[in-house]
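Colleague: Build the 3D model from these lines:
(2 chains)
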Number of protein chains: 2
Amino acid sequence: MTPPTAEHRLLARVEELIGRDLLEVEAIFDRELAHPHPFVRDLLAHIGRFRGKRLRPILLLLSAQAVGEIGHEHRVLSAVVEMIHTATLVHDDVLDDADVRRHVPTVNTRWNAETSVMLGDYLFTHAFHLAAGLGDARACRLIGAATNNVCVGELIQIRERGNFALTEDDYLRIIEGKTAELCGLCGDTGARYAGADEEVCEALREYGRSLGIAFQIADDLLDLLGDEGSAGKTLGSDLDKQKLTLPLIRLLDRAPEPDAARLRALLASSGALTRRDLLAELERSDALHYAQQRAREFAQQARFALNALPESPARRLLEDLTEFAIQRQF
Amino acid sequence: MTPPTAEHRLLARVEELIGRDLLEVEAIFDRELAHPHPFVRDLLAHIGRFRGKRLRPILLLLSAQAVGEIGHEHRVLSAVVEMIHTATLVHDDVLDDADVRRHVPTVNTRWNAETSVMLGDYLFTHAFHLAAGLGDARACRLIGAATNNVCVGELIQIRERGNFALTEDDYLRIIEGKTAELCGLCGDTGARYAGADEEVCEALREYGRSLGIAFQIADDLLDLLGDEGSAGKTLGSDLDKQKLTLPLIRLLDRAPEPDAARLRALLASSGALTRRDLLAELERSDALHYAQQRAREFAQQARFALNALPESPARRLLEDLTEFAIQRQF
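Modeller: The predicted structure is shown next:
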């Protein structure tokens, strides 16, 4: 037997503190989405197999626990954000032409892109319906605004494909939308529905946003460096789709002009550059180290935001999640 | 100059009664969606050119006027339903691989399918954000539920492609979701936010649903019979996508078995049957007449539901819209 990794130990502590709430979140998720039509049922059973790290519900519930008590609203809102996140995954898989997600064929592979589009819409609209059931329009408005910013991030990312002059600022603006927004929402609503002051809600939003950015940089590194077996999804899709991520932006920015020009030409001609070729280039430069360093800085910012909170087991877990975000292998 | 058609006269009366409200709905629509990023701006300017009949805002505003007074909430909710409708159009164009909509290239032709997916999501999430801004979670819940049923209708429609044993009941169940739901929502919320009794809200929901079904049957007839020039969109896509609609369901149901089997085989082998071939078959049968008759029956049901309302110019327009729904050429 392999000894438990740091990640496993962290997840065991999460399980101990909020495991029952997470089970209830899953029950709400399943109950709300259930539908009598056999096709819809098949689709839902299929995406049930995508169930992953549940980072967003964990964030929301720990934020609540760190400032007060977890209540029914937190569990409902956690199911809402997980639905929204799942909707974006299903739509992302269309965008990325991905074949596999969490070791399971994507909806567009198993059925078709049309089904993915509509299933994503089904999840989005259910999320809003469920949120509205709390009877508080403010929650709907916060969720609507955050989700909208996710879409803007994704739209700009689509637009910037093939733009090999993308800067680090452009990149950060994209991932602030597509990843940080929803994580920020989790921190904020978790605290807000536990009765926290505006200042504390803001601090936990900031925590979630910074954690989300760190997490996304790590995810983008994984897309370049990871092993498909343990990642459980198609990798290298950023490269295929000519999406520049932080390591490549750094590499192009620091390489002497003839090298940078040669790389840009290779990136632009589809299939000319494999993940393996690129890895060699990246390893000769400071680009991987730089991206890891930036992820670490955002994780640090996230931890700093937690200073607004009193000491507690939930706060310690939020702190430790920042390490998990940047070191994860899956 | 060609003399004004019945449709033009009807639209002129609509304009006279609620033209200023419709302008305000458009202003809210544009203001809410506005975004500083040039790409998002380009996309919004592009879909602005899709602006069509505005059937759903008209339904909502006339329903309000028929039972009371049009207020700010009605104009906001009208913009919300128009956003949701536009989102489904943008996603439908991905589903149908359509090239042209309202004489304008679709988003997937002008840009790509990925952009369509995300732009649709942008519109959906904005619609919910705008609805939530009314401060009434009930509206969000009604809108969430209706939109969700739209998605179920679309999912089942995708599933049933290539099913040449589809029955009329199956067909009606699909269009009840994908078209009738949102029209029913317009009738209901129009009345509800004008302070109508539950019974009247229900009658206007029923009106909207029946009108929506009549409208969709007519739309499906148009896809078979229409002229692409005046329809302003790609036609025959139901045929290409092996989507059975009412005339074909009737044709297959009534044809003697050898003919039906031959037709099914032709429908199943893509491109084997052109719109023109099929038209000849349809004209030899009672199928077109039958579908028109069914549309007329639903229009009649819609008019019947209006008996719950007092006489008024708005009610008369709602009545006359039922004729428009089944006779339109565009």
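Colleague: Flag the shaky bits of the stretch 1-150 of chain A, pLDDT-wise.
Modeller: Along the stretch 1-150 of chain A, the parts satisfying pLDDT under 70 run over A:1-3, A:96, A:101-102.
Colleague: what ranges do the strands span in it?
Modeller: A:100-101, A:104-105 (DSSP state E, counting those that start in this stretch).
Colleague: Select, out of those, the one closest to chain B.
Modeller: Judged by Cβ to the nearest Cβ, the one of those that comes nearest to chain B is strand A:100-101, at 16.1 Å. From N, CA and C alone the C-beta is placed, and that goes for glycine too.
Colleague: on that earlier part again, can you say which of the strands of the stretch 1-150 of chain A is packed in most?
Modeller: strand A:100-101 (a mean of 20; mean count of other Cβ atoms under 10 Å in any protein chain shown).
Colleague: what's around A:Thr5, how many residues?
Modeller: By the criterion of other Cβ atoms under 10 Å in any protein chain shown, A:Thr5 has 12 neighbours.
Colleague: hang on, the earlier thing: want to throw the strands of the stretch 1-150 of chain A into JSON lines with distance to chain B?
Modeller: Listed next are the strands of the stretch 1-150 of chain A as JSON lines, based on distance: least, Cβ to the nearest Cβ, whole Å:
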{"stretch": "strand A:100-101", "distance to chain B": "16"}
{"stretch": "strand A:104-105", "distance to chain B": "17"}
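Colleague: Let's have those strands in TSV, adding distance to A:His72.
Modeller: Output for the strands of the stretch 1-150 of chain A, formatted as TSV (distance: least, Cβ to Cβ, whole Å):
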stretch	distance to A:His72
strand A:100-101	30
strand A:104-105	31
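Colleague: Return the residues in contact with A:Leu306.
Modeller: By Cβ atoms under 8 Å, 6 or more residues apart in numbering or on different chains, A:Leu306 lies in contact with A:66, A:203, A:207, A:315, A:318-319.
Colleague: mind listing which of these are in helices?
Modeller: A:66, A:203, A:207, A:315, A:318-319 (DSSP state H).
Colleague: Which among those count as buried?
Modeller: A:66, A:203, A:207, A:315, A:318 (16 or more other Cβ atoms under 10 Å in any protein chain shown).
Colleague: Can you give the distance of stretch A:157-173 from its chain's centre?
Modeller: Mean-position distance between stretch A:157-173 and its chain equals 18 Å (Cα atoms, centre = their mean, to the nearest Å).
Colleague: returning to that earlier point: of all the strands of the stretch 1-150 of chain A, which one is nearest B:Thr189?
Modeller: strand A:100-101 (37.4 Å; Cβ to Cβ).
Colleague: For stretch A:145-164, C-alpha coordinates in CSV please.
Modeller: Provided in CSV are the C-alpha atoms of stretch A:145-164 (Å, rounded to 0.1, in the frame of the first residue of the first chain):
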residue,chain,number,x,y,z
ALA,A,145,-23.2,38.4,-12.1
ALA,A,146,-20.4,35.9,-11.4
THR,A,147,-21.6,33.4,-14.0
ASN,A,148,-21.7,36.2,-16.5
ASN,A,149,-18.1,37.1,-15.8
VAL,A,150,-17.2,33.5,-16.3
CYS,A,151,-18.7,33.7,-19.8
VAL,A,152,-16.8,36.9,-20.6
GLY,A,153,-13.6,35.2,-19.6
GLU,A,154,-14.4,32.3,-21.9
LEU,A,155,-15.4,34.5,-24.8
ILE,A,156,-12.1,36.5,-24.6
GLN,A,157,-10.2,33.3,-24.3
ILE,A,158,-11.8,32.0,-27.5
ARG,A,159,-11.0,35.3,-29.2
GLU,A,160,-7.4,35.2,-28.2
ARG,A,161,-6.6,31.8,-29.5
GLY,A,162,-3.8,32.0,-31.9
ASN,A,163,-2.7,35.3,-30.5
PHE,A,164,1.0,34.6,-29.8
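Colleague: thinking again about what came up before, make a markdown table out of the ones in helices among the contacts of A:Leu306 and add distance to B:Ala180.
Modeller: Putting the ones in helices among the contacts of A:Leu306 into a markdown table (distance: Cβ to Cβ, whole Å) gives the following:
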| residue | distance to B:Ala180 |
| --- | --- |
| A:Ala66 | 47 |
| A:Ala203 | 47 |
| A:Tyr207 | 45 |
| A:Arg315 | 51 |
| A:Leu318 | 47 |
| A:Glu319 | 52 |
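Colleague: follow-up on the earlier one: of the buried ones among the ones in helices among the contacts of A:Leu306, list those near chain B.
Modeller: Filtering these for proximity to chain B by Cβ under 8 Å from any Cβ of the partner chain leaves nothing.
Colleague: closest to A:Ile217 among those?
Modeller: The closest of those, once distances to A:Ile217 are taken by Cβ to Cβ, is A:Tyr207, at 16.2 Å.
Colleague: Give me the most central residue, chain A.
Modeller: Central residue of chain A (Cα atoms, centre = their mean): A:Thr179, 5.1 Å from the mean position.
Colleague: so who does that residue touch?
Modeller: A:153, A:212-213, A:215-216, A:219.
Colleague: Tell me the spacing between it and chain B.
Modeller: 15 Å (Cβ to the nearest Cβ, to the nearest Å).
Colleague: Repeat that for A:Ile156.
Modeller: For A:Ile156 relative to chain B (Cβ to the nearest Cβ), the value is 6 Å.
Colleague: Leaving out sequence neighbours, find the closest residue to A:His35.
Modeller: Leaving aside its sequence neighbours, A:His35 sits nearest to A:Arg41 (Cβ to Cβ, 6 or more residues apart in numbering or on different chains; 6.2 Å).
Colleague: Tell me how far the one you found lies from B:Gln292.
Modeller: 36 Å (Cβ to Cβ, to the nearest Å).
Colleague: Kindly report the same for A:Ala261.
Modeller: 65 Å.
Colleague: higher neighbour count, those two?
Modeller: B:Gln292 (17 against 13).
Colleague: Remind me which helix or strand the more buried one belongs to.
Modeller: helix B:287-305 (DSSP states H and E).
Colleague: which residues does A:Ile47 contact?
Modeller: A:Ile47 touches A:86, A:90, A:107, A:119, A:123, counting by Cβ under 8 Å, 6+ apart.
Colleague: Quick one: residues contacting the third one.
Modeller: So that's A:Val107. Counted by Cβ under 8 Å, 6+ apart, A:Val107 has contacts A:43, A:46-47, A:90, A:93, A:115-116, A:119.
Colleague: Of these, which is the nearest to A:Ala268?
Modeller: Taking the contacts of A:Val107 together and measuring to A:Ala268 by Cβ to Cβ, the closest member is A:Asp93, at 24.5 Å.
Colleague: What is the burial count for the closest one?
Modeller: A:Asp93: 25 neighbours (other Cβ under 10 Å).
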